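**Student:** sequence-free structure coming up:
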């Protein structure tokens, strides 16, 4: 039997911003899936100036900006995104910097 679940992304964003404020940088919560699943969706809150340091892409991934603005960097390329923008994350090492307080929805489909 399939279980239906409803999640308030807005409530999660508020919760993650509170956690980010407490630790002075960022906070995240996996909403769907996890490391053991193919699909994973994570809400991330980043305070202005916070960075998700350079890391590998774990599979096909997108970053949807729910609020604020961020810069995605990969090698010598960079892309700016703001509320409502969707970034296709390159299949390469990359990092993300919050240009303002920002809330993101990271979606990853791991390559088997």
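**Tutor:** Yep, it's here. Please read all numbers here as calculations on a predicted model, not as lab measurements.

**Student:** where does the chain dip in pLDDT?
**Tutor:** For the chain, applying pLDDT under 70 flags the ranges 1-2, 112.

**Student:** try 50 this time
**Tutor:** Within the chain, not a single segment meets pLDDT under 50.

**Student:** ranges for the strands of it?
**Tutor:** Along the chain, counting by DSSP state E, strands occupy 26-33, 39-46, 51-55, 59-67, 69-74, 77-82, 86-88, 94-98, 102-110.

**Student:** who does the fifth one pair up with?
**Tutor:** Looking back up the chat, that one is strand 69-74. Strand 69-74 has the following strand partners under DSSP bridges: strand 77-82 (antiparallel), strand 94-98 (antiparallel).

**Student:** any idea which of the strands of the chain gets closest to residue 11?
**Tutor:** Closest approach to residue 11 among the strands of the chain (Cβ to Cβ): strand 39-46, 9.7 Å. (C-beta placed from N, C-alpha, C; glycine too.)

**Student:** need the residues that contact the closest one.
**Tutor:** Residues from elsewhere that reach strand 39-46, judged by Cβ atoms under 8 Å, 6 or more residues apart in numbering: 9, 12-13, 16-17, 19-20, 25-34, 52, 66, 68, 70, 96, 98, 101-110.

**Student:** stretch 64-77 now?
**Tutor:** Identification of contacts with stretch 64-77 by Cβ under 8 Å, 6+ apart yields 9, 13, 43, 46, 48, 54, 63, 78-87, 89-90, 92-107.

**Student:** buried ones in that stretch?
**Tutor:** 64-74 (16 or more other Cβ atoms under 10 Å).

**Student:** mind checking the end-to-end distance for that stretch?
**Tutor:** From its first residue to its last, stretch 64-77 covers 19 Å (Cα to Cα, to the nearest Å).

**Student:** over to stretch 32-44?
**Tutor:** 13 Å.

**Student:** same check on stretch 43-59?
**Tutor:** This stretch, stretch 43-59, spans 17 Å end to end (Cα to Cα).

**Student:** hmm, back to that, could you export the strands of the chain to CSV, including columns for distance to residue 4?
**Tutor:** Shown next, in CSV, are these (distance: least, Cβ to Cβ, whole Å):
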stretch, distance to residue 4
strand 26-33, 13
strand 39-46, 16
strand 51-55, 31
strand 59-67, 22
strand 69-74, 31
strand 77-82, 31
strand 86-88, 25
strand 94-98, 32
strand 102-110, 19
